[in-house]
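S.K.: show me the folded form of this:
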Amino acid sequence: MNIVKLSYKNIIAKPLQTFLTVLILSLSIGLLLGVKQLNKVFESQLQQSLNGVDMVVGAKGSPLQLVLSTVLHIDNPTGNIPYNKAKEIAENKYIQEAIPISIGDNYKGYKIVGTTAGFVNLHKTEIEAGVLFNTPYEVVIGNAVSENLNLNIGDTFSSSHGMIENAIESHDEYPLKVVGILKPTQNVVDRLILTNLESIWHLHEHVSEGSNHDHSHDDEDITALLIKFKNKRGLLRLPRSINENTPFQAALPKYQLDKLFKLTAIGAKAITWIALSILFVSGISMFVSLYRMVKERAKELALIRTYGASRNKLILLVFSEGLLVGISSFFLGVLLATFSLQTIFSLIKDMYKQQIYLLEYHIDILDLLLFIFGIIIIATLIAIRPIFKMDISKIISHES
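M.R.: Numbers count the residues shown, from 1 in each chain. Now for the predicted structure:
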C-alpha cells in the first residue's frame, strides 16, 4: 500500500476544502515570516545607523526629524546652525568627539554630506579604492552609490541643489570629482556622497555672492553636530542644558529611534496576532479535514485493516495527508513572504537609496517549519481518535 499516493488521492478528492485550508495556512505563514523578518531588518538598520552617536545638535524643530535627517538620512533637516556657535558646544569637557555635517545637495537622489574624516571612522568603514577627500570638490562615495550609478575614481558630476532628485537648480560650473570609494557596510554610509565642509560652502557661495575671495568660514552654517560623549555624565547634563540655554536643539538618537521602533512595533504585533489567529483557524481546519476523512472513509479504512494493514499504517495515512497539506502550505507561504519582502526592499531602495538584505532568514524559516510540523502532529493526534475505537466487523457489516 502506497501511503503517500493514497493520501494524495484523498486530498484531491475534496479540492475546495483542501484549497481553502492551504490558502489560509499559507497566508498565515507568509504574514508571520514577513512581519518577523521586517521587524528584524528594521531594528538592525536602526541600530547599525546609530554607530555610537550619543547626541545630535541641530536647529530647533522635531527631535525625531533631526535624528532621521542626520543619522538615518531619510528626512529633510530641521534647518541650519552657525558653525562657530556649534564649535563652542563641541569644546565642552564632556564631549569626546563632535563631527559636523552639512546637508543640502544631492546627486541623482543620493545625498551629498559635507563633513570631516571623523564621519568615515564613525561608520566603521575605510577607503576601498582611492583616497579620502582633501580639497574642495573632491568626494568619497559609498559603495552602493558607486555600484548603482557606475561611478569610479576620477569620474566627475554636477550636484543638484536641495534633497529632491532632478532638481531644477544644479551646480554645473563646480563639478565634483570622485577620489575615493568606501568599503561596503550595509548601513547608511553606503548611499552617501561625502566631501569636506568647504565644498558645500563653496557650492552655495556662487549662488549668493559669485565670488572667489577667501573665507575663514566662521560665519558659515552646518546642519548638525554628531556627538559622542566621554562618559554618561555628558548624557545626563548636556541635552537639557543645550535645549534650555541655547537656540539649538539636542536630540538623543537612541531614545528617538526606540520611540519610533515602539510605534512601529505596535502595528507589527497587531499583524502578528492576526497571523497567529489565522494560523489557529487553519490548524482547526486541518483537524476537521483529517477527522472527516477518518469518519467518512471508515469503511475504506476498515477494509484496509482486513487486508493486513496495521493500525499504525492507518495513523500514518492520516498523518501523511496532514503533512502533504502542511508542507504544501508552508512552501507556498515562504514563497509569498519572500516575494513580498523583496518587493518591499526594492521599493525602499528606490525611495531611500538603501540596499537591504534578509537577516537570518533560513533560521526564521526553520523555526516556522518546526512550528507547522507541531501543528500537523497535534491535528493528527486528535483526528485519529476514531481509529482506536474502530469496530471493523461492525463497520463492514453495517455498510454491506
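S.K.: please make it C-alpha for all contacts and neighbour counts, starting now.
M.R.: Will do.
S.K.: can you give the contact residues for stretch 106-116?
M.R.: The contact list for stretch 106-116, computed with Cα atoms under 8 Å, 6 or more residues apart in numbering, reads 73, 99-105, 145, 158-166, 191-200, 353.
S.K.: which of these are buried?
M.R.: Judged by neighbour count, with 16 or more other Cα atoms under 10 Å as the criterion, the buried members of the contacts of stretch 106-116 are 73, 99-105, 145, 158-165, 191-200, 353.
S.K.: returning to that earlier point: out of the contacts of stretch 106-116, which sit inside helices?
M.R.: Helix and strand membership here follows DSSP state H; of these, those in helices are 145, 197-200.
S.K.: pull the most distant pair out of those.
M.R.: Between all members of the ones in helices among the contacts of stretch 106-116, the longest pairwise span (Cα to Cα) is found for 145 and 198 and amounts to 21.7 Å.
S.K.: now do stretch 369-379: distance to the chain's middle.
M.R.: For stretch 369-379, the distance between its averaged C-alpha position and the chain's averaged C-alpha position is 28 Å (Cα atoms, centre = their mean, to the nearest Å).
S.K.: try stretch 334-351
M.R.: Here stretch 334-351 shows a centroid-to-chain-centroid distance of 10 Å under the convention Cα atoms, centre = their mean.
S.K.: quick check: buried residues in it?
M.R.: Judged by neighbour count (16+ other Cα under 10 Å), stretch 334-351 contains these buried residues: 334, 336-338, 341, 345-346.
S.K.: pull the CA coordinates from it and hand them back as CSV.
M.R.: Backbone C-alpha positions of stretch 334-351 (Å, rounded to 0.1, in the frame of the first residue of the first chain) are rendered in CSV as follows:
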residue,chain,number,x,y,z
VAL,A,334,7.6,31.0,2.2
LEU,A,335,7.3,32.0,-1.5
LEU,A,336,4.7,34.5,-0.7
ALA,A,337,6.7,36.1,2.2
THR,A,338,10.0,36.1,0.1
PHE,A,339,8.3,37.8,-2.9
SER,A,340,6.6,40.4,-0.7
LEU,A,341,9.8,41.1,1.2
GLN,A,342,11.9,41.5,-2.0
THR,A,343,9.2,43.9,-3.3
ILE,A,344,9.2,46.0,-0.2
PHE,A,345,13.1,46.1,-0.2
SER,A,346,13.0,47.1,-3.8
LEU,A,347,10.6,50.0,-3.0
ILE,A,348,12.8,51.1,-0.1
LYS,A,349,15.8,51.1,-2.4
ASP,A,350,14.0,53.2,-5.0
MET,A,351,12.7,55.7,-2.3
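S.K.: average model confidence for it?
M.R.: pLDDT averaged over stretch 334-351 equals 90, rounded to a whole number.
S.K.: need the residues that contact that stretch.
M.R.: 26-27, 29-31, 33-34, 38, 354-357, 365.
S.K.: one more time with 10 Å, if that's ok
M.R.: Contacting residues not belonging to stretch 334-351 are listed as 26-35, 37-38, 74, 109, 191, 329-333, 352-358, 361, 365, 368-369 [Cα atoms under 10 Å, 6 or more residues apart in numbering].
S.K.: stretch 237-249 too?
M.R.: Among residues not part of stretch 237-249, those counted as contacts by Cα under 10 Å, 6+ apart are 55-63, 66, 78, 80-82, 85-86, 89, 92, 94-95, 224, 229, 250-252.
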